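**Student:** Give me a 3D structure for the following:
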Amino acid sequence: QVQLVESGGGLVQAGGSLRLSCAASGRLFSLYAMAWFRQGPGKEREFVAAISRNGSSTYYADSVKGRFTISRDSAKNTVYLQMNSLKPEDTAVYYCAARYSQLPSNAASGGQYDYWGQGTQVTVSS
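**Tutor:** This is a model prediction of the structure:
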C-alpha cells in the first residue's frame with residue numbers, strides 16, 4: 001500500500017508557473033506508475049498527465065501538452081508536475097494517483113489507479 005501527499009498548490013496569475021509535488025510513502029515506489037488528474041469547479045475529474053514506472057514514458061492531455069511536464073525522482077519517492085503558462089481554465093484541485101503495475105494503455109482513465117492523494121488547490125487568476 002502507498003500513501004500519497006500532494007503539495008505546491010496556490011494562487012498564481014495567468015501566465016505564471018507552479019510545481020506540484022506528490023510524495024509517496026511506503027516501499028517499492030519504482031513499481032508504481034503515477035499520474036495527475038484534476039477537477040475544476042463544477043466539472044468532472046479529468047486526466048492531466050501520467051508517467052511510467054521508470055520515467056521513460058509520459059502522456060499528457062491535449063489541453064496541457066507543451067505547458068506541463070511530469071517527472072519522477074525515485075530516490076525521493078516523489079512525482080512532480082511542472083506547470084507553465086498557466087491559464088484560468090487550469091484552476092482545479094489537482095490529485096496524484098498511483099497504479100501498482102505498468103502504465104496501462106488507457107492511462108487517462110481514473111479507474112486504472114489504485115491509490116489517490118487528498119488533492120491540492122491550484123487557482124489561476126486572470
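
**Student:** Please enumerate the strands of this structure.
**Tutor:** 4-7, 10-13, 18-24, 33-39, 46-51, 58-60, 68-73, 78-83, 92-99, 115-116, 120-125 (DSSP state E).

**Student:** quick one: the residue sitting nearest the centre point of the chain from Tyr80, how far?
**Tutor:** Nearest to the geometric centre of the chain sits Trp36, at 2.2 Å (Cα atoms, centre = their mean). Between Trp36 and Tyr80 the distance is 9 Å, computed by Cβ to Cβ, to the nearest Å. Backbone N, C-alpha and C define where each C-beta goes, glycine included.

**Student:** Can you pull the residues that touch both of the two?
**Tutor:** 20, 22, 70 (Cβ atoms under 8 Å, 6 or more residues apart in numbering).

**Student:** for the protein, what are the low-confidence residue spans?
**Tutor:** Counting by pLDDT under 70, the chain contains no low-confidence range.

**Student:** and Asn84, how many neighbours?
**Tutor:** The number of residues packed near Asn84 is 14, by other Cβ atoms under 10 Å.

**Student:** do you know how far it is from Gln13?
**Tutor:** 13 Å.

**Student:** Leaving out chain neighbours, which residue sits closest to Phe29?
**Tutor:** Of all residues not flanking Phe29 in the chain, Asn77 sits nearest, at 4.3 Å (Cβ to Cβ, 6 or more residues apart in numbering).

**Student:** sorry, that was for Tyr115
**Tutor:** Distances taken as Cβ to Cβ, 6+ apart put Ala98 closest to Tyr115, at 4.4 Å, once the chain neighbours are dropped.

**Student:** what sits opposite that neighbour in the beta ladder?
**Tutor:** Legend: beta-bridge partners of Ala98 under DSSP bridges are Met34, Tyr115.

**Student:** can I assume it is in contact with Met34?
**Tutor:** Yes - using Cβ atoms under 8 Å, Ala98 is in contact with Met34, at 5.6 Å.

**Student:** Need the residues touching each of these two.
**Tutor:** What both Ala98 and Met34 touch, as defined by Cβ under 8 Å, 6+ apart, is the set Ala24.
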